[in-house]
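Enquirer: What follows is a predicted protein model with its sequence.
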Amino acid sequence: MLLQKIKIALADQFCNAIGVLQQCAPPASFSNIQTAINKDQPSNPTEEYAQLFAALIARTAKDVDVLIDSLPSEESTAALQAASLRQLEEENQEAAARLEEVVYRGDMLLEKIQSALADIAQSQLRTRSGAPSQPAPPES
């Protein structure tokens, strides 16, 4: 409820500021700009500026909404936040324990693979050195 009042007040302030600028601000003269650039400008830029400002205000209001929604709610007390943090810490510790177990199993598997590769390399070396590990089949 309070957030809605703040948003409405913000929108009112933006609209009032734009209205005051449209009514009171003197037209600006940029004599040092080339006339070709001036030809590209619309004949009534005030309406386009008003639409641009309205779009910018709407986008800013949406951004404010997103920021406000990301804040902790009024119902969220320090005790609730502390409980939530404790739960997150427990989940983090459980995930760390699971990760350690997976890393341990990975290390064990790596050792088995390295041992098997060493056995294969030794077998190949014995075969190449002329000491066959199995008897040669009879020639026919």
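Expert: Yep, that arrived. Numbers count the residues shown, from 1 in each chain.
Enquirer: Buried residues of the helix or strand that contains Lys62, list them for me.
Expert: Element membership of Lys62 [criterion: DSSP states H and E] is helix 45-70. Of all the residues in helix 45-70, those buried under the rule 16 or more other CB atoms under 10 Å are 53, 57. To be clear about C-beta, it is placed using only N, CA and C from the backbone, and glycine gets the same treatment.
Enquirer: Can you show me the helices along the chain?
Expert: 2-24, 35-40, 45-70, 78-128 (DSSP state H).
Enquirer: still on that earlier bit, could you give the angle of the helix holding Lys62 to helix 2-24?
Expert: 160 degrees (axes from the mean of the first three to the mean of the last three CA atoms, to 10 degrees).
Enquirer: list the helices and strands helix 45-70 packs on?
Expert: Contacts defined by 3 or more CB pairs under 8 Å, 6 or more residues apart in numbering; DSSP states H and E place helix 45-70 against helix 2-24.
Enquirer: List the buried residues in the helix it packs on.
Expert: 14, 18.
Enquirer: And that helix, what does it pack against?
Expert: Using 3+ CB pairs under 8 Å, 6+ apart, helix 2-24 is in contact with helix 45-70.
Enquirer: chain center to the helix it packs on: distance?
Expert: 23 Å (CA atoms, centre = their mean, to the nearest Å).
Enquirer: Make 17 the first number, not 1, from now on.
Expert: Understood, numbering begins at 17; the last thing we discussed is helix 61-86.
Enquirer: returning to what we had before: Serialize the helices of the chain to TSV and add fields for mean pLDDT.
Expert: Putting those into TSV (pLDDT from 0 to 100) gives the following:
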stretch	mean pLDDT
helix 18-40	74
helix 51-56	52
helix 61-86	77
helix 94-144	93
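Enquirer: can you tell me which residues contact Glu105?
Expert: With contact set as CB atoms under 8 Å, 6 or more residues apart in numbering, Glu105 has no partners.
Enquirer: State the distance from it to Asp79.
Expert: Separation of Glu105 from Asp79 (CB to CB, to the nearest Å): 32 Å.
Enquirer: Lovely, talk soon.
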